[in-house]
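In: here is a sequence together with a model predicted from it:
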Amino acid sequence: MEVKTGYLYHIKDEFFDVVNDENLMSNKERGHKRPTYFVIKENDILWFIPLSSKVSKYRKIINNKVKKYSRCDGILIRKILGEDSAILIQNAFPTIEKYIDHVHLLDNGKPAKVIETLQDEILSGFKYLLKLKSKGINLFFADIDKIKEEMMKELNS
């Protein structure tokens, strides 16, 4: 499978068993098989950014963060495939291709892709959170360094 930045994918349950990080979001949402993830490809590492349909929940979180810090860098609410979605950059985590279950398909059978301008915004937000982390301000929920190390070990074994 050719994995590309900007497309939407689903992850295998097995990944969560292997990684065992309690700060990762659950792999089930609203009775559907699993949530959808925006993917950023970085060589052999794939960064999965969860999308959520629980927009009102995340609007409240954004509003609280803006009141407290004057900004919210970890969550975006934007239209994806015609519907409002919460893009949870703060919940991003690294994985590898073997843990991809499948690409998210549109009704016409084509792979779902996020529009370029939104891809750029998500990438920019993700890079900003990585930059903050490198300066000692970690806004990611999961232990992304530990997970990335585990994924690199799998790739090299």
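Out: Done, it's in. Numbering: from 1, shown residues only.
In: would you state the helices of this protein in chain order?
Out: 13-19, 55-69, 116-134, 144-156 (DSSP state H).
In: how about TSV for those helices, with mean pLDDT added?
Out: Output for the helices of the chain, formatted as TSV (pLDDT from 0 to 100):
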stretch	mean pLDDT
helix 13-19	89
helix 55-69	96
helix 116-134	97
helix 144-156	95
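In: of the ones you listed, which is nearest Gly82?
Out: Closest to Gly82 of the helices of the chain is helix 116-134 (CB to CB; 12.4 Å). Just so you know, the C-beta spots here come from the backbone N, C-alpha and C atoms, and that holds for glycine as well.
In: which other helices and strands does that closest one contact?
Out: With contacts taken as 3 or more CB pairs under 8 Å, 6 or more residues apart in numbering; DSSP states H and E, helix 116-134 sits against strand 37-42, strand 45-52, strand 75-80.
In: partner residues bridging the residue nearest to the spatial centre of the chain?
Out: Nearest to the geometric centre of the chain sits Ile49, at 0.6 Å (CA atoms, centre = their mean). Counting by DSSP bridges, Ile49 is bridged to Phe38.
In: what's the distance between it and Ser134?
Out: 18 Å (CB to CB, to the nearest Å).
In: redo the helices of the chain as JSON lines? Include mean neighbour count and distance to Val39.
Out: Putting those into JSON lines (neighbours: other CB atoms under 10 Å; distance: least, CB to CB, whole Å) gives the following:
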{"stretch": "helix 13-19", "mean neighbour count": "15", "distance to Val39": "13"}
{"stretch": "helix 55-69", "mean neighbour count": "13", "distance to Val39": "20"}
{"stretch": "helix 116-134", "mean neighbour count": "15", "distance to Val39": "10"}
{"stretch": "helix 144-156", "mean neighbour count": "15", "distance to Val39": "14"}
